[in-house]
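Visitor: Kindly generate the corresponding structure for this input.
(one chain, ligands or ions: 1)
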Amino acid sequence: MLNAEFNKETFKNSVKENVKMLYRKNLEEASQQEIYQAVCYAVKDVIIDNWLKTQKAMDEQDPKILYYMSMEFLMGRALGNNLINLTAYKQVQEALDEMGLNLNLLEDQERDPALGNGGLGRLAACFLDSLATLGYPAYGCGIRYKYGMFKQQIRDGYQVEVPDNWLKHGYPFELKRPEYAKEVKFGGYVAQEYDETTGRVNFVQKDYQSVNAIPYDMPIVGYDNDVVNTLTIWDAEAIQDFSLDSFDKGDYHKAVEQENLAKTIVEVLYPNDNHYEGKELRLKQQYFFISASVQRAVAKYKKHHDDIIKLYEKVTFQLNDTHPTVAVPELMRILMDVEGLGWDEAWEITTKTCAYTNHTIMAEALEKWPVDLFSRLLPRIYQIVEEINRRFLIQVREQYPGDEEKVRQMAVIYDGQVHMARLAIVGGYSVNGVAKLHTEILKKQTLKDFYEMTPEKFNNKTNGITQRRFLLHGNPLLADWVTEYAGNGWITDLPKIKKIAELADDTQAQKEFMEIKHKNKVRLAKYIKEHNGIDVDPNSIFDVQVKRLHEYKRQFMNILHIMYLYDRLKKNPDMPFYPRTFIFGAKASAGYERAKAIIKLINSVGDVVNNDPTIKGKIKVVFIEDYRVSNAELIFAAADVSEQISTASKEASGTGNMKFMLNGALTLGTMDGANVEIVEEVGKENAFIFGLSADQVIEYENNYTYDPMSYFIHDQDIHNVVMDLISGRYSNGDTMMFRDLYDSLLTPKNAPRPDMYFTLADFKSYAAAQERVEDKYRNTSAWARSAILNTAHSGKFTSDRTIQQYVDDIWHLDKITVRK
Ligand SMILES: *Cc1c(COP(=O)(O)O)cnc(C)c1O
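Guide: Now for the predicted structure:
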């Protein structure tokens, strides 16, 4: 722990020495970036000692280890978070103050390591924080993308993607571990070779290309417990075991190809969120990091154990969505081809080691790989998948004789495609959804047949978030206020925050709470002024929707409602209206044209509304560029209203909703994902719920009975606002600019049906809920009461709780102790 041993003078000296050593400069000559790096190395020194101690404790205590396998880890900045978890934040801040340096400004020098798209990657990051804080031995396993999530710029209202070269200045906290490199093989063919000594047939991959997977370790600091876990991200390097002079033409080509393979494989993160894109390179990325991670896990196990049969007693793999599902056949391959086990033994071990988390029910997100691509790229893995499928279908046909519909619904290989979710379910011991409603839909609809066959595999683990980043670091004013009244137990035991519910009716406490919110709104207003050049009023309602841009998340409905409000205000300037600042932040996948059109619409509406003097600044629309973890922390702290307005049944859980709640924002949302449980905790009277239920949406979908045109024809307000998409009002007279958005509601092009996300069906109840928001905000005391109760009842949504449930129901890990 830095706290106990922390010595200001030592730390200051360390920073000065680091600047000298790294840059041959004195402090006065060094740039902010250079000082930031020097501070990081000073902090890393402290972390390294605990990292070693944790390794030693793991070697001595021989615990079962979790490998959390994820294509994405949306870590956000490390410096501030590490200081928080070392309980040294305030002391370092003081030390730097005395040197004339500002910790916040230094933190701003750090590029967000953005190795993820959105919720799924951020969940993985929150889980690592909770695992380390609870003292569970765990490795994150991922990819060291050279370019993470793109940087978003808004030019002329349009999204422009700029490459995110996050490693440009080097990443101070990572540690390269070339001694643990692993070879990963692609392509070629599988030869069967008879081994005379064993009498077995060996399967040997020939004529393949391979890359060297090089692990980089990043420290994951537990809160105030000396535990430092590891996130391993894999880089690819070319294999260089050839000598130039022995080259014939074929060798030369192969060498260049292998060089290219290594270069391209970790080049860039695919910027798709909740959407599947069947690119060959993506499958290469998946197998690359999974093969390396499984090899490393098995090697680590074998260092201390010689009975591979009991691997599952010390090792478990959690697959974050289907992206890491090749772990199932890869573990089978290693157990059979390398360790020499037979199929049945290998299968028993594998199915006791792998567990799968489902993140979506939407058809367009389900991963299916064409058999020809899969078998060409991973010939041995494909053989194993075929055999898994063959044996599984025998079971299905035994259990459901003559029911070929079951085979269609459950086959791992069907219609020329490998179904990854089915493979993950068949090859694992646990399948979990990420919120109660989502898990119920999985059991009753999406994965019904699998649930009926193996109900014991299915369970729910409602997502969570870490309060250390999203309250302690992101909202220090509220964190201190909570601690003053309820003690600091909430930092590692969030349900303790409930004590502040006692303050909900206390006028003085309400005033203090709203003053803190106001200061956070001033902080965000300053950020907006600096980045957007827009003046926003901290006394207005800060109404926020920040999340990936997706049709199912319905940013479109939000902006349509703003257009509707603006129109009403224009026609009726003196109508009662409480000033509102609508804040958006969202990246659209680079190839998702309709999502990009929605971004343009938001910015175009903003241009008109923000610059119309006749509405006297009553509505402001702000689009925050490059939404990411670092600015998210500022945004949650400043929000009054949390927009969680997805079409019911489409948002598996959401985690943004939880971050807002923790920071005392009131949820305006549908009964979808974890919103259902948020309302359960805080009470319906402290949220604004509207819209179709998941059951209603699913019924419409099954019966094809939804008719958006009837809303358009019969509701004058809806008619007007939809027509404004093609009136030119927000596009300098250009009636075509938003034509596709108009069409998507009424006459879809390239879509199976109009208004697939039920925007028009929910519009009026959304508008009504927005009126309830305004009415409530006019009553400051009632609002403050509800806001306090939201923070007070957010205890369930800590990722500490989620992780403890994974441990109890799925992983069965034991804690390690590091402190002497
Ligand atoms: C929490 C978070 C998300 C997920 O937000 P949802 O509203 O749950 O979709 C996405 N991006 C960032 C940067 C986050 O912090």
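
Visitor: quick one, strands of the stretch 651-800 of the chain?
Guide: Counting by DSSP state E, counting those that start in this stretch, the segments of the stretch 651-800 of the chain that form strands are 666-669, 688-689.

Visitor: just the helices in the stretch 201-350 of the chain please.
Guide: With DSSP state H, counting those that start in this stretch as the criterion, the stretch 201-350 of the chain has helices at 249-265, 280-304, 311-314, 327-333, 343-353.

Visitor: Contacts for the helix or strand just after the last one, please.
Guide: Toward the C-terminal end, the helix or strand that comes next after helix 343-353 (DSSP states H and E) is strand 354-357. Residues external to strand 354-357 that are found in contact with it (Cβ atoms under 8 Å, 6 or more residues apart in numbering): 316-322, 325, 327-328, 331, 421, 424-425, 427-434, 461, 810-811. For the C-beta atoms, the positions are set from N, CA and C on the backbone; glycine is no exception.

Visitor: from the stretch 201-350 of the chain, which residue is nearest to the ligand?
Guide: Nearest residue of the stretch 201-350 of the chain to the ligand: Asp273, at 8.1 Å (Cβ to the nearest ligand atom).

Visitor: what pLDDT does that residue get?
Guide: pLDDT for Asp273: 93.

Visitor: cool, the one 3 residues further on as well?
Guide: As predicted, Tyr276 sits at a pLDDT of 93.

Visitor: got it, and Ala751?
Guide: Looking at Ala751, the pLDDT reads 74.

Visitor: Kindly report the same for Met1.
Guide: pLDDT recorded at Met1 is 42.

Visitor: circling back: with respect to Asp537, which of the helices of the stretch 201-350 of the chain lies nearest?
Guide: In terms of Cβ to Cβ, the element of the helices of the stretch 201-350 of the chain nearest to Asp537 is helix 280-304, at 45.2 Å.

Visitor: For the closest one, the averaged confidence score.
Guide: 98.

Visitor: The stretch 401-550 of the chain against the ligand: which residues are in contact?
Guide: Contact residues (Cβ under 6 Å from any ligand atom) of the stretch 401-550 of the chain with the ligand: 547-548.

Visitor: mind listing the strands for the stretch 401-550 of the chain?
Guide: Under DSSP E, counting those that start in this stretch, the stretch 401-550 of the chain gives strands at 413-414, 417-419, 430-433, 458-460, 541-546.

Visitor: Make JSON lines from these and add mean neighbour count to it.
Guide: Supplementary listing: the strands of the stretch 401-550 of the chain in JSON lines, determined by neighbours: other Cβ atoms under 10 Å:
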{"stretch": "strand 413-414", "mean neighbour count": "20"}
{"stretch": "strand 417-419", "mean neighbour count": "23"}
{"stretch": "strand 430-433", "mean neighbour count": "24"}
{"stretch": "strand 458-460", "mean neighbour count": "18"}
{"stretch": "strand 541-546", "mean neighbour count": "24"}
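
Visitor: The residue of the stretch 201-350 of the chain closest to the ligand against Glu551, yeah?
Guide: No. Counting by Cβ atoms under 8 Å, Glu551 is not a contact partner of Asp273; they are 11.8 Å apart.

Visitor: the more surrounded of those two?
Guide: Asp273 (25 against 22; other Cβ atoms under 10 Å).

Visitor: Next, that one: phi, psi?
Guide: Note on Asp273: its backbone torsions stand at phi -120, psi 130 [degrees, to the nearest 10].

Visitor: so how far is Glu651 from it?
Guide: Distance, Asp273 to Glu651, using Cβ to Cβ, to the nearest Å: 12 Å.

Visitor: so who does Lys461 touch?
Guide: 357, 432-434, 802, 805-806, 809-810.

Visitor: Same question for Thr798.
Guide: By Cβ under 8 Å, 6+ apart, the neighbours of Thr798 are 130, 464-467, 494-495.

Visitor: just Lys151 next, same as before
Guide: Counting by Cβ under 8 Å, 6+ apart, the residues that Lys151 touches are 161-164, 626.

Visitor: Select from those residues the one having the most neighbours.
Guide: Neighbour max across the contacts of Lys151 (other Cβ under 10 Å) = Asp164, 24 neighbours.

Visitor: which residue sits closest to the residue in the chain positioned nearest to the ligand, ignoring its sequence neighbours?
Guide: Nearest residue of the chain to the ligand, counting by Cβ to the nearest ligand atom: Gly656, 2.5 Å away. Leaving aside its chain neighbours, Gly656 sits nearest to Lys547 (5.2 Å; criterion: Cβ to Cβ, 6 or more residues apart in numbering).

Visitor: Tell me how many other residues crowd that neighbour.
Guide: Neighbour tally, Lys547, other Cβ under 10 Å: 25.

Visitor: What residues does the chain have near the ligand?
Guide: 118-119, 122, 547-548, 628-629, 632, 654-656, 659.

Visitor: Show me the domain layout of this structure.
Guide: Split into domains by automatic domain parsing, the chain comes to 1-61+77-111, 62-76+112-462+805-811, 467-692+761-796.

Visitor: Okay, now the last one: how far is its last residue from its first?
Guide: Put plainly, it is domain 467-692+761-796. End-to-end span of domain 467-692+761-796 (Cα to Cα, to the nearest Å): 11 Å.

Visitor: next one: the second one
Guide: End-to-end distance of domain 62-76+112-462+805-811: 15 Å, with Cα to Cα as the criterion.
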